[in-house]
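Student: here's a sequence, model it:
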Amino acid sequence: MLCRIMLGADGLVTPARLREFFAPRSIAVVGASETSGWARFLFASAATAGFDGPLIPVHPVHTTVFGRPATASLRDLTEPVDLAFIMAPLPAVESVLDDAAAGGVRGAVVLASGYREVGGDGHARQDHLTAHAAGHGITLLGPNCLGFLNAHARTAAFALTIPIPLVAGPVGIALQSGALASVMLGFAKAHGIGVSTLTSLGNEAMISTTDVIDYLIEDDNTKVIALFLESISDPALFAAVAAKADQADKPIVALKAGSSQAGSEAALAHTGSIAGDDAVVDAALRQFNVIRTGSIEELLSTAAVLGYSRWPRGRRMGAVTASGGACDLIADRASIDGIDIPSFSETTATAIASHLPPFADVHNPLDVTGYFLANRRTSALTAADLALAEITSDPNLDFVLFSGLTLPDARPPDETLATALEERVAWLADHLRAAPIPVIPVSYTCLDLSDYSRTVLRQHGLHVLAGIDLGVRAIGNALRWLDGRGRVGASTRTVASRPVAISGPWPEADAIELLATFRVTSVPSTVVKARTEAVEAATRFGYPVVLKISSAAVTHKSDIGGVALDLRTDQDVLAAYDRLVSVAADIDGVNVSPMRTGGVELLAGVTVDPTFGPVLAVGLGGLWVEVLNDVSLRVLPVDQAEVLRMLGDLRGLPLLTGARGQVAADLDALATTIASIGDAALSLGTALRSLEVNPLWVNGDQIEALDVLVVTQNPDIGISDIGITETGITETGVTEIGKSEIGKSEDRT
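Tutor: Down below sits the predicted model:
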């Protein structure tokens, strides 16, 4: 945002300005020629979209292009056009912008590549291009961009193929990709998903992903926003528009590339974060209530559920099919996605039975059997339709999945059959609109719709999800979005930064003092420098006790044998003290503390992700957290309510709620403590490298930090000047901080 303001472009990308940009009434194509494939695509796409405004080729040599009169320059236009699609080579782009300004053009799409995406001088070229456009008051999409379409405005400045027909609908699409735009349009066409605005973003020199999201939030034709993301360059802006979308009830669904190491490198999105790049992205999107999907098919199917269907008020699903096998598939997939399938009420079951053959078993999911297929119908409605009418009044259900609507590839040649079929579709459409609870139609498999099917469904305002597996998965995604509404941006915690003078690991006493400032209790302890003092401290605390070396230079003491557990006698303490003082040369003394037994060990750690900043990890297992891989992540800040949701993510939650005789933890107090640990990390400001409490010991309402590690970087010194290893400080060099620290435990139990 700051860079864009400095370049003078911020006022050119407001939702109001983008409404004008994405609905041009006239377009000039600069550099258009009949030998250009890009130009051929663009003129064809404009025709497919139904664009009927002036579409003017601009070329310094050609007098006609595709049978249209061409003009030599944008300066020569008799009337200004709303948009210039610039196909000129890179060296000529800025002079074309000069011509555009002279000709009164307010918007431009730049196709040329050779800017930021090539690195090096490309960054400076892109900044100069942006400033040049902004100086002329021109809103610019790209560079390295294939353009956009607006189906409702019947316009397209799009240098790719648009599948015919282009159907206007509720799904707005923004892509950090070019060629995938046509792929998405192809799937949308095949499954009757209508789009509002689709734009490829190119290098986002001026119009960014967040700008397009902001525009789509305010676009009345858009009900759901679908994104293909390679990176999130400004998490704060992304979070802000996600919160705005949440307040406006505009779902955001995203396909984020780069979940694998290879994918991360391809997308230039490697973060080297504590739990892997993708895990942090996943956590951040969850906090923003952006539903993440794993494929183009899942992305658009989820968008279709949210864009076409009435939204359920809960997770209790009824299902109607004509196949027992389909019932099994629905039940299995629903279980994976956390969708409940309760029994029908007794009243509903009795009513359903009156429409089915005697051998049919009435339960949810419902198989109406194929009996009606073998018997001549006396009305347009089938047993599935009649059962559906009963089920939608069932008080045990929040919505119904209906797989009883299958249309032929072509209109039946028998007029009686064709009329009956279309009467049935009309009845279903009316019933779906009037039913007490939402009904979501789904096909059995992900087959493309025929032209006839697509036409009939569109005439009646119906949409059918593409296949049971994909459809139920999409419904599960939609339910997750509905569950997350109202929580985006809910945490308004702010923490004042404190001065930091330490580069590297802190002495544990200082780390404990930092936590105490935020009311986080640590296990009682004292540092001694003589063996007799160790015995005195152990006697004062009461046996058993723990001894460990006290040294900021050794970050993971157990790795070098610097911890002695479960010491029960004076002789044990003396022997342990003698051994520990010989483990490392640079120690401040020996720390003595009570041994904690029972309870549950957790990890609560914060490291700094290069993209999202401080990230909190909470996991069960202490020493075994990396092995168990039972960790929940959130981007800071978080409040108590968000930490409670983090604890709810853990597979090991039953250990904290009293399973198998465990003492139930005070989860509210635990969540408050973990949120305070996050606040303590935030108080270190830009000096923070990592802060870890591991183990965080929980036994009922007793919560204590048993080991604390804080690592900071003093900007005046620089952490690279000292170098940190797994077990200590070296004279030169530096190893990764953060990833190595999460999961290390000075085991106290």
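Student: could you point out which element follows the helix or strand bottoming out on mean pLDDT in the chain?
Tutor: Across the helices and strands of the chain, mean confidence by mean pLDDT, DSSP states H and E is lowest for helix 261-266: a mean of 39. Counting by DSSP states H and E, the element after helix 261-266 in chain order, helix or strand, is helix 277-287.
Student: packing partners for that following helix?
Tutor: strand 252-256, strand 290-293, strand 631-635 (3 or more Cβ pairs under 8 Å, 6 or more residues apart in numbering; DSSP states H and E). The way it works is simple: take the backbone N, C-alpha and C, and place the C-beta from them, glycine included.
Student: in JSON lines: the ones you listed, plus mean pLDDT, distance to Q662 and mean neighbour count.
Tutor: JSON lines is the format used below for the helices and strands packed on helix 277-287 (pLDDT from 0 to 100; distance: least, Cβ to Cβ, whole Å; neighbours: other Cβ atoms under 10 Å):
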{"stretch": "strand 252-256", "mean pLDDT": "97", "distance to Q662": "37", "mean neighbour count": "25"}
{"stretch": "strand 290-293", "mean pLDDT": "98", "distance to Q662": "33", "mean neighbour count": "24"}
{"stretch": "strand 631-635", "mean pLDDT": "93", "distance to Q662": "19", "mean neighbour count": "23"}
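Student: okay, buried residues for the longest helix belonging to the chain please.
Tutor: If you go by DSSP state H, the chain has its longest helix at helix 415-434. Residues A420, L421, E422, R424, V425, W427, L428, A429, H431, L432 are the ones in helix 415-434 that count as buried (16 or more other Cβ atoms under 10 Å).
Student: what pLDDT is listed against L373?
Tutor: Looking at L373, its pLDDT reads 56.
Student: no no, A269
Tutor: 22.
Student: so how far is I330 from F228?
Tutor: Applying Cβ to Cβ, to the nearest Å, the value for F228 to I330 is 29 Å.
Student: so these two - more neighbours on which side?
Tutor: The residue with more neighbours, out of F228 and I330, is I330; 26 against 22, by other Cβ atoms under 10 Å.
Student: list of residues touching the helix or strand that contains the more buried one?
Tutor: If you go by DSSP H and E, I330 is part of helix 324-336. Applying Cβ atoms under 8 Å, 6 or more residues apart in numbering, the contact partners of helix 324-336 are 317, 319, 321, 340-341, 365-367, 369, 401, 403, 444, 468-469, 472-473, 476.
Student: before we move on, back to that, after the longest helix of the chain comes which helix or strand?
Tutor: Helix 415-434 is succeeded, C-terminally, by strand 439-441 (DSSP H and E).
Student: partner strands of that following strand, parallel or antiparallel?
Tutor: strand 399-402 (parallel) (DSSP bridges).
Student: just how off-centre is the partner strand within its chain?
Tutor: Centroid separation for strand 399-402 versus its chain: 27 Å, with Cα atoms, centre = their mean, to the nearest Å.
Student: what about the closest residue to A664 other than its chain neighbours, neighbour count?
Tutor: Nearest non-adjacent residue to A664, counting by Cβ to Cβ, 6 or more residues apart in numbering: G658, 3.6 Å away. Neighbour count for G658, taken as other Cβ under 10 Å: 12.
Student: isn't G658 right up against L667?
Tutor: No - no contact is recorded between G658 and L667 when judged using Cβ atoms under 8 Å, the distance being 10.7 Å.
Student: assumed P57 was part of a strand.
Tutor: Yes - P57 sits within a strand when classified using DSSP: H, G, I helix; E, B strand; the rest coil.
Student: and it, how many neighbours does it have?
Tutor: For P57, using other Cβ under 10 Å, the count is 24.
Student: which other helices and strands contact the longest strand along the chain?
Tutor: The longest strand of the chain (DSSP state E) is strand 688-699. Here strand 688-699 touches strand 600-609, helix 667-682, strand 702-705, strand 708-712, going by 3+ Cβ pairs under 8 Å, 6+ apart.
Student: A501 is nearest to which of the ones you listed?
Tutor: Closest approach to A501 among the helices and strands packed on strand 688-699 (Cβ to Cβ): strand 708-712, 8.8 Å.
Student: then stretch 41-57 to CSV, C-alphas only?
Tutor: Taking Å, rounded to 0.1, in the frame of the first residue of the first chain, the C-alpha atoms of stretch 41-57 are listed here in CSV:
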residue,chain,number,x,y,z
PHE,A,41,-8.3,-14.0,-29.1
LEU,A,42,-9.3,-10.5,-27.9
PHE,A,43,-11.7,-9.7,-30.8
ALA,A,44,-13.2,-13.2,-30.5
SER,A,45,-13.7,-12.9,-26.7
ALA,A,46,-15.4,-9.5,-27.1
ALA,A,47,-17.8,-11.1,-29.5
THR,A,48,-18.5,-14.1,-27.2
ALA,A,49,-19.2,-11.7,-24.3
GLY,A,50,-21.7,-9.8,-26.5
PHE,A,51,-19.8,-6.6,-26.5
ASP,A,52,-21.5,-4.2,-28.9
GLY,A,53,-19.6,-1.0,-28.2
PRO,A,54,-16.7,0.5,-30.3
LEU,A,55,-13.8,-2.0,-30.6
ILE,A,56,-11.1,-0.1,-32.3
PRO,A,57,-7.8,-1.5,-33.7
